[in-house]
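K.L.:
This is a predicted model, with the sequence first.
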Amino acid sequence: MRTFSDVQWALHRAPFAATTLAVRFRRDGAARDARLALADDWKRCPPEEYAWRPLKWNLSPSPGFGGRKLSNAERKELGLGKAPFAMRVTYLVEWGEQKARGKAARAAGLRKGDVVIGFAGKRDFASFDHLHAYCTLTLTAGTETEIAVWRDGRTLILRYDLPE
């Protein structure tokens, strides 16, 4: 008998390219065999489709901070109008095994309370989860990355090497 984790492991080890996997399962007490055809590039998805997955938090690279997206009223009050993305930084990851991530963001000048309006040149994130998934799926640790921040009525561009 196999578990869900066994299925995940088998899919993890399968190639990105088109492939077919043999599957054996039980239905109504009888063993059955089937083939699972996987299309080319089946493991890839856009960051916005990956964003909901809770496992992304342990993946690398990671931005090192987090927060919540501002409402339209909050953006208007700050003078951001209809900015496509604005999130208030509520924490920097400065604890546990990933503490270097938040420390790097802080060293770049990011503060709790800042409003992030862009990351790595992109400003149209649907949510912070989308930003996080974008970072993990499209960027490489060690590359210089910019965080566009709205602070005191003006835009600042903070630069840091994206931590592991």
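P.N.:
In hand now; what should we look at? Remember, it's a predicted structure, so these values are computed and weren't measured experimentally.

K.L.:
How about A39, nearest residue that isn't a chain neighbour?
P.N.:
A18 (5.7 Å; Cβ to Cβ, 6 or more residues apart in numbering). In this view, the C-beta of every residue, glycine as well, is placed from N, C-alpha and C.

K.L.:
ok, now F128?
P.N.:
For F128, the spatially nearest residue (Cβ to Cβ, 6+ apart) is M87, at 5.2 Å.

K.L.:
residue contacts, the one you found?
P.N.:
Residues near M87 by Cβ atoms under 8 Å, 6 or more residues apart in numbering: 67-70, 115-116, 125, 127-128, 131.

K.L.:
how does it look with 10 Å?
P.N.:
Under the criterion of Cβ atoms under 10 Å, 6 or more residues apart in numbering, the neighbours of M87 are 65-70, 114-117, 119, 125, 127-128, 131.

K.L.:
roughly how far apart are the residue nearest to A39 and D129?
P.N.:
For A18, the distance to D129 equals 29 Å [Cβ to Cβ, to the nearest Å].
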